[in-house]
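S.K.: Predicted structure and sequence below. I'll ask about it afterward.
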Amino acid sequence: MPPGRTDSHPGPVCAASGRGRFAAVPACSEARPPLPPLPYRTPPAWAAAMVDHVPALLVDQAHLEKKAAAAAVAFLFRVPGGAAAQRALSRLAREELVHFERTLRLLSARGVAFVPQPPTPYAERLKAGIGRTMPQRLADELLVAAVIEARSCERMALLGAALRGVDAEVAAFYAELCAAEARHEGLYAALAADLLPPEQLVARWQALGAHEAAVLAGLPPAPRLHAGTGDGG
Ligand SMILES: [Fe+2]
Ligand SMILES: [Fe+2]
């Protein structure tokens with residue numbers, strides 16, 4: 001972990017973040033401004049309870065990756081800045097689509113249908129914490145995207161560990177995705193840092209993190225990456 005960085009994720013996640021198909025997306029250690037960990041921490045027991053639900057989790061994952069790609073493309077049209085920011089967002093969007101296609105391949109290989117699925121209220125409820133006026137509104141939206149990537153990464157790391165020895169293929173898949181999502185968190189946080197002074201950035205991150213903890217506490221447990229855990233988060 002680089003000096004000055006406080007992170008809720010285990011060290012190996014960021015250590016591995018330079019790998020992957022689109023390694024040119026900035027690694028979190030290069031791009032992420034120093035932000036405190038998210039206040040809620042998912043217990044490993046959550047992942048242990050998920051090991052019997054791999055098909056449902058993979059269907060959820062495919063939908064999440066498709067939505068993540070769409071969100072990145074939408075930011076391409078809204079985030080100010082030069083070619084570097086545009087290139088990084090474009091690569092992020094492509095990487096999410098690669099994740100989507102890889103998840104579809106896993107589903108197909110396992111004979112699991114990619115069925116429609118109602119979204120969990122997680123992302124929609126996170127948006128309720130977003131400010132109303134610019135530029136804080138856009139910065140908040142980028143920070144919410146960073147929160148979602150951070151939570152995804154945290155839970156993928158837990159799933160990767162819980163599935164090791166149970167389903168090695170999916171365990172490795174989650175571990176690899178996790179490294180990419182950690183980089184995405186870094187990019188979104190860095191883009192938000194271009195819009196707000198450092199103290200305000202940290203304050204908004206903390207406010208949105210507290211809001212995220214309350215959102216998770218209000219969601220029931222389910223075999224979804226962004227569900228409640230039944231322990232108050
Ligand atoms: Fe992804
Ligand atoms: Fe991502």
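M.R.: Happy to help now that I have it. Ligands and ions are numbered 1, 2, ... in the order given.
S.K.: So for the helix or strand hosting residue 176, what gets flagged as buried?
M.R.: In the assignment (DSSP states H and E), residue 176 maps to helix 168-193. Buried residues in helix 168-193, defined by neighbour count with 16 or more other C-beta atoms under 10 Å: 170-171, 173-193. Heads up, the C-betas are built off the backbone N, CA and C, glycines and all.
S.K.: Kindly report the same for stretch 194-208.
M.R.: Here stretch 194-208 shows 195, 196, 201, 202, 204, 205, 208 as buried, counting by 16+ other C-beta under 10 Å.
S.K.: Do the helix holding residue 176 and ligand 2 come into contact?
M.R.: Yes. Using C-beta under 5 Å from the ion, we find that helix 168-193 touches ligand 2 at 181, 184.
S.K.: what pLDDT, on average, does that helix get?
M.R.: Average pLDDT, helix 168-193: 96.
S.K.: Check which helices and strands that helix is in contact with.
M.R.: Helices and strands touching helix 168-193, by 3 or more C-beta pairs under 8 Å, 6 or more residues apart in numbering; DSSP states H and E, are helix 11-15, helix 28-31, helix 54-76, helix 83-109, helix 136-163, helix 198-217.
S.K.: do that again at 6 Å, thanks
M.R.: Applying 3 or more C-beta pairs under 6 Å, 6 or more residues apart in numbering; DSSP states H and E, one finds that helix 168-193 makes contact with helix 11-15, helix 28-31, helix 83-109, helix 136-163.
S.K.: Now the element after the second one, going C-ward?
M.R.: Scanning the chain past helix 28-31 towards its C-terminal end, the next helix or strand to appear is helix 44-50 (assignment: DSSP H and E).
S.K.: now that following helix, how far from the chain's geometric center?
M.R.: 18 Å (C-alpha atoms, centre = their mean, to the nearest Å).
S.K.: and if you look at stretch 146-154?
M.R.: 3 Å.
S.K.: which residues of the chain score low on pLDDT?
M.R.: Applying pLDDT under 70 to the chain flags residues 1-31, 232-233.
S.K.: For ligand 1, give me its nearest residue in it.
M.R.: Here the residue of the chain nearest ligand 1 is residue 99; by C-beta to the ion that distance is 3.7 Å.
S.K.: Spell out which residues of the protein are next to ligand 1.
M.R.: 65, 96, 99.
S.K.: got the residues of this protein near ligand 2?
M.R.: 68, 149, 181, 184.
S.K.: Spatially nearest residue to the residue in the chain positioned nearest to ligand 2, not counting backbone neighbours?
M.R.: Proximity of the chain to ligand 2 (C-beta to the ion) peaks at residue 184, 3.6 Å away. The shortest distance from residue 184 to any non-neighbouring residue, by C-beta to C-beta, 6 or more residues apart in numbering, is to residue 149 (4.4 Å).
S.K.: need the contact list for the one you found.
M.R.: 181, 184, 185 (C-beta atoms under 6 Å, 6 or more residues apart in numbering).
S.K.: and what of residue 136?
M.R.: No contacts exist for residue 136 under C-beta under 6 Å, 6+ apart.
S.K.: Counting neighbours, what do you get for the residue nearest to residue 229 when sequence neighbours are not counted?
M.R.: Nearest non-adjacent residue to residue 229, counting by C-beta to C-beta, 6+ apart: residue 46, 4.4 Å away. Here the number of neighbours of residue 46 (other C-beta atoms under 10 Å) works out to 19.
S.K.: and residue 133, how many neighbours?
M.R.: 6.
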